[in-house]
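S.K.: Predicted structure and sequence below. I'll ask about it afterward.
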Amino acid sequence: MSKEFLPFTRPSIDEQTIAGVAEVLRSGWITSGPQVREFEAQLSAYFGGRPVRALSSATGALEIGLALAQVGAGDEVVTTPLSWVATANVIVRAGARPVFVDVDPQTRNIDLSLLEAAITPATRMLLPVDLAGLPVDRTRLYAIARRHGLRVLEDAAQSMGASWQGERIGAGGDLVSVSFHANKNLTTGEGGCLVLNDEQEARRCELWRLQGVERFADGSLDATLPGGKHNLTDIAARIGLGQLAHLEEFTARRRALARRYFERFDRTLGCELPVADFVNSNWHMFQIVLPERVERGAFIRAMHDGGVGVGVHYPAIHLLTLYRQLGFKPGEFPVAERIGDGIATLPLFPAMRDEDVDRVCELAARCVRSLPAREPAAPAGSASAGRGRRA
């Protein structure tokens, strides 16, 4: 290849943060300690003073959120089929049943016009996802939750730095889970956090975070609940502190790159572009949906051969083997299935140059036009209205 390979994402970590990590390593305290406490304090300030507890993953944050809401056997949790599989897996692991609701074809988030039809007497919680950092309409979401007396666990894994009607995601609402995975807008390498409602709930989160253990001044301890092992290290927290200082800068650059995608992407290709939201979205990802005639695997290979990485975020959850075994079938959520079959994540990260966007757009146009039409797929099953279905 004549040009350097362009991945679909790459973290931006400055030298000051790298030096700070070295200081932590030399300090002798590398697990949860003063850096974690400082990271939590700064996150709390960022989220308007709400209690925050740092965790080793956003998956752990979702698990703890469900536990805090006492979701368990016999309960139902309403969520989207278009997300990373962890969103549904944590519901199954809690002993509850996921109830999927199809997605809106424009936002690709859970279709709020279909949500109430999926609520039953067994529904305990709503678990929306901000796909690619575009927030779900929090006004409508919480109006529905209040009408039905339901708790909300926001899967805001991808929406750190996003907002809704001028308020940062995480600064309001109920329980909010955020990811700091390597490909997120703010990374700790691996990690996440849970934004909570009060200090009592935060204390319960601490117990769920570390095996339910409470230690006392005399050296004794007790365990009052079956907690897991979800604590963040000081090494990771120091990375997060360095990242948090640049978050607004990162978000502004992502928005500028997304604007350039809209300016340069060839609209005659038949690809579906995301919603052009430059107020609320943090532009965690720039995702297109390929025309039905284009086989995604062939597109990814052609882009890779041209020096550009492409991701897939995500195939529809209910079509995965585990969820078919739970009783879900093709055709139940047709919008999510169509998007999940053709969605492709193009490169977008703060260190990209404007000309990188131009290069991606030019290569994508060549690939889409040159690839042979794929064979038509076999019928997936009867279409449905896309309303909720229980496992």
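M.R.: Ah, there it is.

S.K.: got the residue ranges for the helices in the stretch 251-391 of the chain?
M.R.: 296-305, 321-325, 334-342, 354-370 (DSSP state H, counting those that start in this stretch).

S.K.: Single out the most deeply packed of those.
M.R.: Of the helices of the stretch 251-391 of the chain, the one with the most neighbours on average (mean count of other CB atoms under 10 Å) is helix 334-342, at a mean of 21. For every residue, glycine as well, the C-beta is placed using N, CA and C.

S.K.: In CSV, list the C-alpha atoms belonging to that one.
M.R.: Only the C-alpha atoms of helix 334-342 are listed here, as CSV (Å, rounded to 0.1, in the frame of the first residue of the first chain):
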residue,chain,number,x,y,z
PRO,A,334,-36.9,-6.0,10.4
VAL,A,335,-35.4,-2.5,10.7
ALA,A,336,-32.7,-3.6,13.1
GLU,A,337,-32.0,-6.7,10.9
ARG,A,338,-31.7,-4.6,7.8
ILE,A,339,-29.4,-2.1,9.4
GLY,A,340,-27.4,-4.8,11.2
ASP,A,341,-26.8,-6.6,7.9
GLY,A,342,-25.5,-3.5,6.1
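
S.K.: related to what we said a few turns ago, tabulate the helices of the stretch 251-391 of the chain in TSV, adding columns for distance to residue 89 and mean pLDDT.
M.R.: Shown next, in TSV, are those (distance: least, CB to CB, whole Å; pLDDT from 0 to 100):
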stretch	distance to residue 89	mean pLDDT
helix 296-305	24	98
helix 321-325	8	98
helix 334-342	16	98
helix 354-370	32	98
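
S.K.: Of those helices, which is nearest residue 135?
M.R.: helix 334-342 (17.8 Å; CB to CB).

S.K.: what's in contact with that closest one?
M.R.: 80-82, 100, 102-105, 108, 111, 289-292, 294, 296, 314-316, 318-319, 330-331, 380, 383-384, 386 (CB atoms under 8 Å, 6 or more residues apart in numbering).

S.K.: that older thread, compare the helices of the stretch 251-391 of the chain and report which one is nearest to residue 59.
M.R.: In terms of CB to CB, the element of those nearest to residue 59 is helix 321-325, at 15.2 Å.

S.K.: Packing partners of the closest one?
M.R.: helix 86-93 (3 or more CB pairs under 8 Å, 6 or more residues apart in numbering; DSSP states H and E).

S.K.: go again using 7 Å as the cut-off
M.R.: In terms of contacts (3 or more CB pairs under 7 Å, 6 or more residues apart in numbering; DSSP states H and E), helix 321-325 is packed against no helix or strand at all.

S.K.: Next step: the contacts of helix 334-342 restricted to strands.
M.R.: Members of those lying in strands (criterion: DSSP state E): 100, 289.

S.K.: just the buried members of the contacts of helix 334-342?
M.R.: 80-82, 100, 102-104, 108, 111, 289-290, 294, 296, 314-316, 318-319, 330, 386 (16 or more other CB atoms under 10 Å).

S.K.: ok, back up a step: Throw the helices of the stretch 251-391 of the chain into a markdown table and include distance to residue 150, thanks.
M.R.: Formatted as a markdown table, the helices of the stretch 251-391 of the chain follow (distance: least, CB to CB, whole Å):
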| stretch | distance to residue 150 |
| --- | --- |
| helix 296-305 | 36 |
| helix 321-325 | 23 |
| helix 334-342 | 22 |
| helix 354-370 | 41 |
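
S.K.: To residue 20, which of those helices lies closest?
M.R.: Set against residue 20 and scored by CB to CB, the helices of the stretch 251-391 of the chain come closest in helix 354-370, at 28.6 Å.

S.K.: Contacts for that closest one, please.
M.R.: Contacts of helix 354-370 with the rest of the structure, by CB atoms under 7 Å, 6 or more residues apart in numbering, involve 6, 257, 260-261, 264-266, 269, 271, 294, 299, 302-303, 306, 308, 346-347.

S.K.: cool, and stretch 107-124?
M.R.: For stretch 107-124, the surrounding residues in contact (CB under 7 Å, 6+ apart) are 69, 71, 74-78, 80, 82, 96, 99, 101-104, 128-131, 134, 136-137, 140-141, 144, 148, 150, 275, 339, 386-388.

S.K.: In PyMOL, how would I select the buried members of those residues?
M.R.: Buried residues within the contacts of stretch 107-124, by 16+ other CB under 10 Å, are selected in PyMOL with:
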select buried, resi 69+71+75+76+77+78+80+82+96+99+101+102+103+104+128+129+130+131+134+136+137+141+144+150+339+386+387+388
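
S.K.: quick one: pLDDT of residue 153?
M.R.: Predicted confidence (pLDDT) at residue 153: the value is 99.

S.K.: same question, residue 253
M.R.: Note for residue 253: predicted pLDDT of 98.

S.K.: ok, now which ones touch the nearest residue to it once chain neighbours are set aside?
M.R.: Excluding the flanking residues, the one nearest residue 253 by CB to CB, 6 or more residues apart in numbering is residue 350, at 4.3 Å. Taking CB under 7 Å, 6+ apart as the contact definition, residue 350 lies against 12, 250, 253-254.
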